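Engineer: pasting the sequence and the predicted model now:
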Amino acid sequence: MFLPFFRFLCSGVAQLADRMAVITGSSPASGAIFQLPTQATRSVRKDADTLRRLVLAILMLGIVGAGAELILLKHTEDVWQWVPLVLFAMALPGAGWLLVAPGVVSIRVFQGFMVLFCASGFVGQWLHFKGNVAFELEMYPSLSGFELVWEALGGATPSLAPGTMTLLGLLGLAACFRHPGLDSADRKTASQEEI
């Protein structure tokens, strides 16, 4: 929310400097007021990088915590229950790679993991809910409609718990949003289009 306002403010200062240069007949690059946006932009980029690293660190803690919980709950009975554990095992080094060497490849690989996190969260919610519906119908065959849905949501397996995967995936995607490591790829693509 602050970044768009700051960009608007900086562009306004730059336009003001250009107008002053026209009025005074001086070069806008020589005026101190013109240098303000570049210094401020550097500060914003540094703050954004710090925030991005903090979000990645929080994400890594979430991955370790959720993974430990699933292992303690013995969430390993069938293939579907292994999916989040495998994704955690793959994404944790991916997050470390992104922290150490943020480049186009590491960002895109990490974004791929995060999309898989989101998808597995939705699939997990469906599987938990479906299992709870079957369990509730086995115990109470007369249940139907809203009552069945309500009982299934609060059933033996937590129906909304896999939403943690979706949350972690969205957090990882937010950490990659407008990542400066992607700028080099954009510049390379733009220069290839010019040729």
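Structural biologist: Right, received. Where do you want to start?
Engineer: which residue is the nearest non-sequential neighbour of Val64?
Structural biologist: What sits nearest to Val64 in space, not counting adjacent residues and going by CB to CB, 6 or more residues apart in numbering, is Leu92, at 7.2 Å. From N, CA and C alone the C-beta is placed, and that goes for glycine too.
Engineer: neighbours of that neighbour, how many?
Structural biologist: 16 (other CB atoms under 10 Å).
Engineer: if I pick it, what's in contact with it?
Structural biologist: Residues near Leu92 by CB atoms under 8 Å, 6 or more residues apart in numbering: 60, 63-64.
Engineer: what's the closest of these to Ala161?
Structural biologist: Closest approach between these and Ala161, by CB to CB: Ile63, at 15.1 Å.
Engineer: helix, strand or coil for that closest one?
Structural biologist: Of the three states, Ile63 takes helix according to DSSP: H, G, I helix; E, B strand; the rest coil.
Engineer: surely it meets Ala89?
Structural biologist: No - Ile63 lies out of contact with Ala89 (CB atoms under 8 Å); the separation is 9.2 Å.
Engineer: so which of those two has more stuff around it?
Structural biologist: A count of neighbours by other CB under 10 Å puts Ile63 above the other of Ile63 and Ala89, at 24 against 12.
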